[in-house]
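Asker: just the structure for this:
(one chain, ligands or ions: 1)
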Amino acid sequence: MKEREKTQAGDRKKLSGWANYPTVESDVFQPENAEELRRIILDSERIIARGNGKSYGDASLGKRVACMLSMNGILSFDPGTGIITCEAGVLLSDILPVIVPSGWFFHVTPGIKSITVGGAVASDVHGKNHPEKGCFSNWLLSFRLMDAGGAILTCSREENPSLFWQTCGGMGWTGVILSATFQLMRITSVSMHQQTVRARNLEEMFRQFEEQKACTYAAAWIDTTASGRDQGKGTALFAEHLPGDKALNWDTGKPADVPFFAPSWLLNPVSIRLHNQIYYSRNKPGERVIHLDKYFYPLDGITNWNRLYGRRGFIQYQFCLPGPASFDGIREVLNTISASGEVPFLSVLKRHGDRPSRAINSFPVKGYSLALDFPRTRRLTALLSRLDGLVWKHGGKIYLAKDAVSGAGMGRVDMKQFTEKKFTSALRERLEQ
Ligand SMILES: Cc1cc2nc3c(=O)[nH]c(=O)nc-3n(C[C@H](O)[C@H](O)[C@H](O)COP(=O)(O)OP(=O)(O)OC[C@H]3O[C@@H](n4cnc5c(N)ncnc54)[C@H](O)[C@@H]3O)c2cc1C
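Answerer: Now for the predicted structure:
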């Protein structure tokens, strides 16, 4: 998949999300402006908005898709207040070179910068600082949304508030976001202070997170091939912004590329085990100063890394468990994975804080989430349905922006709130079955 996808209006093409599974044959429209979008919406019985296709599963797939990448202007940016208004198709990576030199950054950013502002709102993305900053919606002031009849509505906490909260994390099911206005965060340097800490098992890992509660950014990699007393061993990264007084620039260099799909056997239990051992031994405990880009977007250093999983693709399974259940639940999940013979390649543990009561569709609940990237095999769906059972039993939920196979209800989103059927994706059809 190209870094920025290009599509012709009304093209028939095969689309997938970042994990290259599933693939859906779609009529893809790429409106240049609101008037074109209105015509497309009015002509469609069913349609779903698509940003840059960086959700992993079937969230931005459907029989008809409105790809928003051509509506990509930064409409206004006030370097005095840090308030920015962008069209929905602008990528975070296009905003960064504009805001960073003026001393601004995102309050909340996911671990990838090639997503659109529309995608950030629709998934209500979170970062490594959820306890302190919440989701993207926390910093969203307003957006403009085109509804099924082609009308444009302004939504904020004051104007159309129900639609505002329904749309944040609403996965595109309320309409098409045209533009959004949000508040940025002051920074005085592009440097981060990062502390790397090793944990010998899951208990130690949770203790580290608790001890570093005051630290703004936290995320950990877990070696999912480790078992027995080593189960849950891994490396946690804690970080803070550093102050500075030098000119800020956003010069991030050119990423490496995976130019073609790797053979599907490349990531197998043996190679993944080896990779994990190397990763663990290379990430030595200690402190370092690291550039914003490398800290927040380490995976963007390699374009198209999803091709390493081969043409069969992969599935990212991300779930969040509420506080008291987190430790036992995650241990049970790791036990179940070990017993299954399936081996996830990447895994990321994050802690989460409370969310505003009205952000009913946001993914995180106060507790911990674990994201697991599984190469796709024949037995994987059976394992994931067992994991669904565990997540449900522990009162947790899965992240719809990553989902490709989970059962209805696993996102704990009340589907009945979305009464307008025009904006339907493959994900929504699956959840409503
Ligand atoms: C490497 C990687 C790391 C990631 N890390 C994180 C992370 O740390 N935290 C996190 O929260 N997420 C993370 N994600 C997920 C990603 O941030 C979300 O899936 C995001 O929504 C993708 O944005 P997109 O522009 O590619 O949207 P798409 O994938 O195209 O669409 C995602 C959803 O948004 C809807 N949508 C898109 N544009 C519009 C619009 N204009 N109007 C209405 N609906 C719209 C679509 O219908 C779909 O439901 C990560 C993804 C990758 C690939």
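Asker: quick one: the helices in this protein?
Answerer: 34-43, 92-99, 117-122, 130-133, 161-167, 202-211, 269-282, 292-296, 323-340, 380-393, 426-432 (DSSP state H).
Asker: the ligand contacts on the chain?
Answerer: 17-18, 48-55, 59-60, 68, 88, 110-112, 115-116, 118-119, 122-123, 125-127, 171-172, 176-177, 299, 401, 425 (CB under 6 Å from any ligand atom). (C-beta placed from N, C-alpha, C; glycine too.)
Asker: deepest of the helices of the chain, which one?
Answerer: Of all those, helix 117-122 carries the top mean neighbour count, a mean of 29, counting by mean count of other CB atoms under 10 Å.
Asker: could you give the average pLDDT over it?
Answerer: Helix 117-122 comes out with an average pLDDT of 98.
Asker: and it, what does it pack onto?
Answerer: helix 92-99, strand 176-186 (3 or more CB pairs under 8 Å, 6 or more residues apart in numbering; DSSP states H and E).
Asker: mind putting these into TSV with mean pLDDT?
Answerer: Formatted as TSV, those follow (pLDDT from 0 to 100):
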stretch	mean pLDDT
helix 92-99	97
strand 176-186	98
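Asker: nearest to residue 415, of those?
Answerer: Between residue 415 and the helices and strands packed on helix 117-122, the tightest spacing by CB to CB is seen for strand 176-186, at 19.3 Å.
Asker: for that closest one, which strands pair with it and how are they oriented?
Answerer: strand 83-87 (antiparallel), strand 104-106 (antiparallel), strand 140-146 (antiparallel) (DSSP bridges).
Asker: list the buried residues in the longest one.
Answerer: If you call a residue buried by 16 or more other CB atoms under 10 Å, then strand 140-146 has these buried ones: 140, 142, 143, 144, 145, 146.
Asker: what about it, distance to the chain center?
Answerer: Distance of strand 140-146 from its chain centroid, counting by CA atoms, centre = their mean, to the nearest Å, is 20 Å.
Asker: CA atoms only for that strand, dumped as CSV, please.
Answerer: Written as CSV, here are the backbone C-alpha positions of strand 140-146 (Å, rounded to 0.1, in the frame of the first residue of the first chain):
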residue,chain,number,x,y,z
LEU,A,140,-11.3,18.6,19.7
LEU,A,141,-13.2,21.9,19.7
SER,A,142,-15.5,21.3,16.8
PHE,A,143,-16.0,19.6,13.5
ARG,A,144,-18.2,19.9,10.4
LEU,A,145,-20.1,16.7,9.4
MET,A,146,-22.0,15.9,6.2
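Asker: that one vs helix 34-43, what angle?
Answerer: Interaxial angle, strand 140-146 versus helix 34-43 (axes from the mean of the first three to the mean of the last three CA atoms, to 10 degrees): 60 degrees.
Asker: residue 238 against residue 211, yeah?
Answerer: No. Using CB atoms under 8 Å, residue 238 is not in contact with residue 211, being 9.5 Å away.
Asker: now for the residue of the stretch 301-433 of the chain found nearest the ligand: which residues touch it?
Answerer: Going by CB to the nearest ligand atom, the ligand is nearest to residue 401 of the stretch 301-433 of the chain, at 3.6 Å. By CB atoms under 8 Å, 6 or more residues apart in numbering, the contact list for residue 401 reads 55, 56, 57, 59, 123, 125, 171, 363.
Asker: please name the nearest non-neighbouring residue to the third one.
Answerer: Leaving out its chain neighbours, the residue that sits closest to residue 57 by CB to CB, 6 or more residues apart in numbering is residue 404, at 3.1 Å.
Asker: look up which residues are beta-bridged to residue 47.
Answerer: residue 423.
Asker: ok, it touching residue 66?
Answerer: Yes. Residue 47 lies in contact with residue 66 (CB under 8 Å); the separation is 5.6 Å.
Asker: which residues do those two both contact?
Answerer: What both residue 47 and residue 66 touch, as defined by CB under 8 Å, 6+ apart, is the set 29, 40, 41.
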